[in-house]
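Novice: sequence and predicted structure, then a few things I'm wondering about:
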Amino acid sequence: MELSESQRWFLLITTLVVGVLVYLLAPILSPFLVGALLAYLTDPVADRLEARGASRTLAVVIVFLFLSLIMVAAVLLLIPQLSEQIQTMIRQIPLALDVLHNRLLPWIENTLGVPINRPDIDSVREFFRSHWQQTGNLAAQIMGSLTRSGLAVAAWVANLVLIPVVTFYLLRDWDLMMEKIQRLLPRNLEPRVTLWARECDEVLGAFIKGQLLVMCALGVIYALGLSIVGLDLALLIGMLAGLASIVPYMGFFVGIVVAAVAAYVQFQEPMVLIWVGLVFGIGQALEGMVLTPLLVGDRIGLHPVAVIFAIMAGGQLFGFVGVLLALPVAAVIMVLLRHLHEGYKSSRLYSSDKPESTGEVE
């Protein structure tokens, strides 16, 4: 695929313009990016419904109603329970400090034979006891501050309203937009760019679509397992472990550590740690033997280190918009690096007995 000089300048200028626009418009891009992500995730479902005889509009309406039911159920069922568990966690902080001061630190001193300078635990405990009610009403304080700022409330409500509207229209016209973008490509670039786009979709499909389902499934498994154990913070820790599973194995390590601490503070019996370990062991076994092979398969995904770096770099450069764009951009970069690597292996830079490259982009 040989690029003319004008095409190279066109691609460079287009990339720079898009980057500058993303930087300047970042404060208003969040609802559009969330809507585009939801449309991308649900487009295969709409395509399957359309293949079974439904019109595109009917298929989109069915998918949209299903998404709306999930959102409503999450708001009505999960958020009140999460709020209650957060307040429970705050109330247990003084008890956790007592366990740390009276059990854990003495055990470390006796085991290692090293004296530890203990903090003034009484003052810390008194601070939390005097402020836990105020901290527990943090959501109410945030809503109160938002209420006092009319513009902030209007922007917040507008973003919430925009997300379903953008999702609906993007999902309805998704295939048409992809086709129009493909037709706009220069004819000599279209075959290779289409190939790259398919590879990027494979990477994103393996990671975002598959890993998102794995995250949700693990969150449910961990929450149910910890609730059977009797942990008060089962839902909160289960969702935390599920979200952390965006990076493979991170959810397991984060969840088991947090759950072990919470379980020991609540029950103060070492045997409960065995049950916590059993819950996360079962979840990890299901992830490795059932969830990942079924939902992700053997498709190429993003390396865990690349995921961490992409999310942190996107957040540092563009805030929340950067976090939303991090994985798609990382997938594109990964595909381009793979092709650059193939071009390098076939060039004289790698092996001097091979002919010099003629300006062809691999």
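Specialist: Good, I have the coordinates.
Novice: so where's the stretch 101-250 of the chain uncertain?
Specialist: The model of the stretch 101-250 of the chain has pLDDT under 70 over residues 101, 105, 113-114, 116-155.
Novice: 90 instead, please
Specialist: For the stretch 101-250 of the chain, the stretches with pLDDT under 90 are 101-165, 175, 178-179, 181-216, 232-233, 243-250.
Novice: is the residue nearest the centre of the chain in a helix, a strand, or coil?
Specialist: Note on the chain: the residue nearest the mean C-alpha position is residue 246, at 5.6 Å, using CA atoms, centre = their mean. Secondary structure, DSSP: H, G, I helix; E, B strand; the rest coil: residue 246 is coil.
Novice: residue 245 contacts residue 215, correct?
Specialist: Yes. With contact defined as CB atoms under 8 Å, residue 245 and residue 215 form a contacting pair (4.8 Å). C-beta coordinates here come from the backbone N, C-alpha and C atoms, glycine included.
Novice: name the residues contacting each of those two.
Specialist: Applying CB atoms under 8 Å, 6 or more residues apart in numbering, one finds that residue 245 and residue 215 are jointly contacted by residue 251.
Novice: quick one: which of those two has more around it?
Specialist: residue 245 (26 against 21; other CB atoms under 10 Å).
Novice: distance of that one from residue 207?
Specialist: Per CB to CB, to the nearest Å, residue 245 is found 12 Å from residue 207.
Novice: residue 272 now?
Specialist: From residue 272 across to residue 207, the span is 35 Å (CB to CB).
Novice: between the two, which one's more packed in?
Specialist: The neighbour comparison of residue 272 against residue 207 (other CB under 10 Å) goes to residue 207, with 23 against 19.
Novice: may I have the phi/psi pair for the more buried one?
Specialist: phi -90, psi -60 (degrees, to the nearest 10).
Novice: these two touch, right, it and residue 327?
Specialist: Yes. Counting by CB under 8 Å, residue 207 touches residue 327, with 6.7 Å between them.
Novice: which ones are touching residue 247?
Specialist: Counting by CB under 8 Å, 6+ apart, residue 247 makes contact with 304, 307-308.
Novice: what secondary structure does residue 232 sit in?
Specialist: Criterion first, three-state DSSP; result for residue 232: coil.
Novice: nearest spatial neighbour of it, chain-adjacent residues omitted?
Specialist: residue 88 (5.3 Å; CB to CB, 6 or more residues apart in numbering).
Novice: ok, back up a step: keep only those of the contacts of residue 247 that are in helices.
Specialist: 304, 307-308 (DSSP state H).
Novice: just the buried ones out of those, please.
Specialist: Among these, those classed as buried by 16 or more other CB atoms under 10 Å are residue 307.
Novice: for the ones in helices among the contacts of residue 247, which one is nearest residue 99?
Specialist: Using CB to CB, residue 308 is the member of these that lies nearest residue 99, at 31.5 Å.
Novice: any idea how this protein splits into domains?
Specialist: 32-184, 209-298 (automatic domain parsing).
Novice: now the element after the helix or strand where residue 258 lies, going C-ward?
Specialist: Using DSSP states H and E, residue 258 sits within helix 250-267. The first helix or strand that comes after helix 250-267 along the chain, using DSSP H and E, is helix 271-286.
Novice: return the list of helices and strands in contact with that following helix.
Specialist: The contact analysis (3 or more CB pairs under 8 Å, 6 or more residues apart in numbering; DSSP states H and E) places helix 271-286 against helix 210-229, helix 250-267.
Novice: circling back: between helix 210-229 and the helix holding residue 258, find me the angle.
Specialist: Helix 250-267 runs at 20 degrees relative to helix 210-229, counting by axes from the mean of the first three to the mean of the last three CA atoms, to 10 degrees.
Novice: does residue 92 really touch residue 264, like I thought?
Specialist: No. Between residue 92 and residue 264 there is no contact under CB under 8 Å: 11.2 Å.
Novice: just the strands in the chain please.
Specialist: Using DSSP state E, the chain contains no strands.
Novice: in the chain, which helix has the most residues?
Specialist: Criterion DSSP H: the longest helix present in the chain is helix 5-51.
Novice: quick one: average pLDDT of it?
Specialist: Averaged across helix 5-51, the pLDDT comes to 86.
Novice: got a list of contacts for the helix holding residue 258?
Specialist: Outside helix 250-267, the residues touching it (CB under 8 Å, 6+ apart) are 89, 92, 95-96, 99, 215, 218, 222, 226, 229-233, 237-238, 240-245, 270, 272-273, 275-277, 279-280, 283-284, 287, 304.
Novice: ChimeraX command for the buried members of those residues?
Specialist: Those of the contacts of helix 250-267 that count as buried under 16+ other CB under 10 Å are selected in ChimeraX with:
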select :89,92,96,99,215,218,222,226,229,231,232,233,237,238,240,241,242,243,244,245,272,273,275,276,279,280,283,284,287
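Novice: please, where are all the helices along the stretch 51-200 of the chain?
Specialist: For the stretch 51-200 of the chain, the helices defined by DSSP state H, counting those that start in this stretch cover 56-73, 79-91, 93-99, 105-112, 121-136, 138-148, 150-172, 174-184, 190-204.
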